[in-house]
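Student: okay, predicted coordinates and the sequence, questions at the end:
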Amino acid sequence: MMNIRKIAIPCVLVTFVCLCAGLAEDTTKNPIAIRAHNVVVPPATGPVSGFTVKNLLDAPYTGKVTVKLPDGWKADKTRFDVSLKARETKHIAFAIEKAVDSKVNAYPYKITAVGSGKTVTVDQKVICATTPYVKPKIDGDISEWLNDAVPVTFICKDKKTVVRTFWNKRNFCLCVEVQEDKFIADADAIQFALASGKASTGDSPDDKTARYEFLIVGGRCYQLVKPGTPLGDTQKANPLPAETVAKSVVAVKREKDITRYEISVPMRPMQELRATTGREYRFSVLVHDPDSTGIRDLAEAASPLPGSRNKYAWCKWPGAKWPSEKPLLDSKVEWGFCTSIH
């Protein structure tokens with residue numbers, strides 16, 4: 001029987017509705033697709049922000065892009081001339097010179113592109129996707145997380161998932177709250193991946209992985225892959241590693257319809273992250289809830305561009321219920337290390 005501790009369920013600061021893995025991607029007829037990037041440190045610190053623009057045409061695209069930031073914000077530039085080759089993708093950055101942090105962690109961006117005879121407008125709630133420097137006690141009591149972390153909440157088939165992160169010199173720490181009808185210890189799981197800020201996923205089985213990937217199932221932490229593993233090996237039905245991650249700590253608590261996972265993995269073996277304050281990295285989470293919602297993918301809530309799915313984005317492991325319709329989204333959402341949110 002699981003040890004149940006009474007803890008108040010936190011208020012939701014920002015909510016995204018995701019389609020859930022396996023559903024169709026955007027089939028818009030617009031000439032380009034646009035996605036604003038997460039802010040990876042608190043906005044008031046003056047971070048670099050930006051957006052990605054992707055040409056969906058088999059012909060060049062030329063246009064003008066305007067970014068409208070939240071009221072009271074100021075950037076060094078908000079109007080851009082954009083030229084793209086056929087099917088080309090570009091990342092465009094700008095510096096935030098003035099901003100105010102918001103407790104709701106939802107910052108409205110409106111991006112408008114005019115070109116190729118069409119106007120494309122994207123209204124997107126950008127989040128602060130940041131990891132404060134904190135040394136939590138992994139014991140099932142999440143009061144530290146409620147006070148000092150930035151929650152990111154997404155909804156899949158009417159079920160909430162809340163993700164929070166911490167880091168320190170010794171450990172990367174993760175807290176995930178999963179709303180689910182019941183908890184099945186050997187089937188319900190958390191899968192998460194970390195990578196350097198410039199990491200990308202290839203599309204050939206001979207390409208190498210650029211991520212550290214972990215699985216929490218049955219109250220244990222396993223490492224599924226590290227950088228340098230052939231991508232083809234990630235899709236094989238390999239058994240779980242014989243040993244759990246050395247010095248990892250996992251606490252799983254259940255209260256009413258919420259399962260709470262607290263996880264700590266050692267930072268030292270993940271040298272490629274080069275974890276320092278202000279550094280950007282890549283992060284994402286899969287929630288495995290096979291008896292109800294199936295796979296819940298944090299990347300689904302990050303406004304992915306068309307073509308972001310990649311069959312090598314995540315490691316397959318035995319016992320999981322994997323979607324058959326389409327591959328999952330690339331497991332690399334921009335995130336950042338910061339000192340504190342206060």
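Tutor: The structure has been received and is ready for your questions. Only a predicted model underlies this, so the values are computations on that prediction, with no experimental measurement involved.

Student: what is the burial count for residue 97?
Tutor: 11 (other C-beta atoms under 10 Å). The C-beta positions use only the backbone N, C-alpha and C, and glycine is treated the same way.

Student: meant to ask about residue 247
Tutor: Counted with other C-beta under 10 Å, residue 247 comes out at 13.

Student: do I have it right that it meets residue 266?
Tutor: Yes. Between residue 247 and residue 266 there is a contact under C-beta atoms under 8 Å: 4.8 Å.

Student: break this structure down into its domains, please.
Tutor: For the chain, the structural domains run 15-22+129-337, 32-126, going by automatic domain parsing.

Student: what about the last one, start to end distance?
Tutor: So the one you mean is domain 32-126. By C-alpha to C-alpha, to the nearest Å, the extent of domain 32-126 from end to end equals 19 Å.

Student: return the most buried member of the domains of the chain.
Tutor: Across these, averaging neighbours per residue (mean count of other C-beta atoms under 10 Å) puts domain 15-22+129-337 on top, at a mean of 19.

Student: any idea of the mean pLDDT in that one?
Tutor: For domain 15-22+129-337, the mean pLDDT works out to 92.

Student: please identify the helix or strand for residue 145.
Tutor: Here residue 145 sits within helix 143-148, counting by DSSP states H and E.

Student: wait, I meant residue 190
Tutor: Applying DSSP H and E, one finds residue 190 within strand 189-196.

Student: name the strands paired with that strand and say parallel or antiparallel.
Tutor: Under the criterion DSSP bridges, strand 189-196 sits next to strand 211-217 (antiparallel), strand 280-289 (antiparallel) in its sheet.

Student: past the last one, which element shows up next along the chain?
Tutor: Helices and strands here follow DSSP H and E; after strand 280-289, the next one along the chain is strand 294-297.

Student: and if you look at the first one?
Tutor: Tracing the chain C-terminally past strand 211-217 and defining elements by DSSP H and E, one meets strand 220-225 next.

Student: pairing partners for that following strand, with directions?
Tutor: With DSSP bridges as the test, strand 220-225 is paired with strand 211-217 (antiparallel).

Student: please save the CA atoms from the strand it pairs with in PDB.
Tutor: The C-alpha trace of strand 211-217 is given here as PDB (Å, rounded to 0.1, in the frame of the first residue of the first chain):
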ATOM      1  CA  ARG A 211      20.000  13.400 -25.200                       C
ATOM      2  CA  TYR A 212      20.000  11.900 -21.700                       C
ATOM      3  CA  GLU A 213      16.700  10.000 -21.300                       C
ATOM      4  CA  PHE A 214      15.200   8.500 -18.100                       C
ATOM      5  CA  LEU A 215      12.200   6.400 -17.100                       C
ATOM      6  CA  ILE A 216      10.500   6.300 -13.800                       C
ATOM      7  CA  VAL A 217       8.300   3.200 -13.400                       C
END
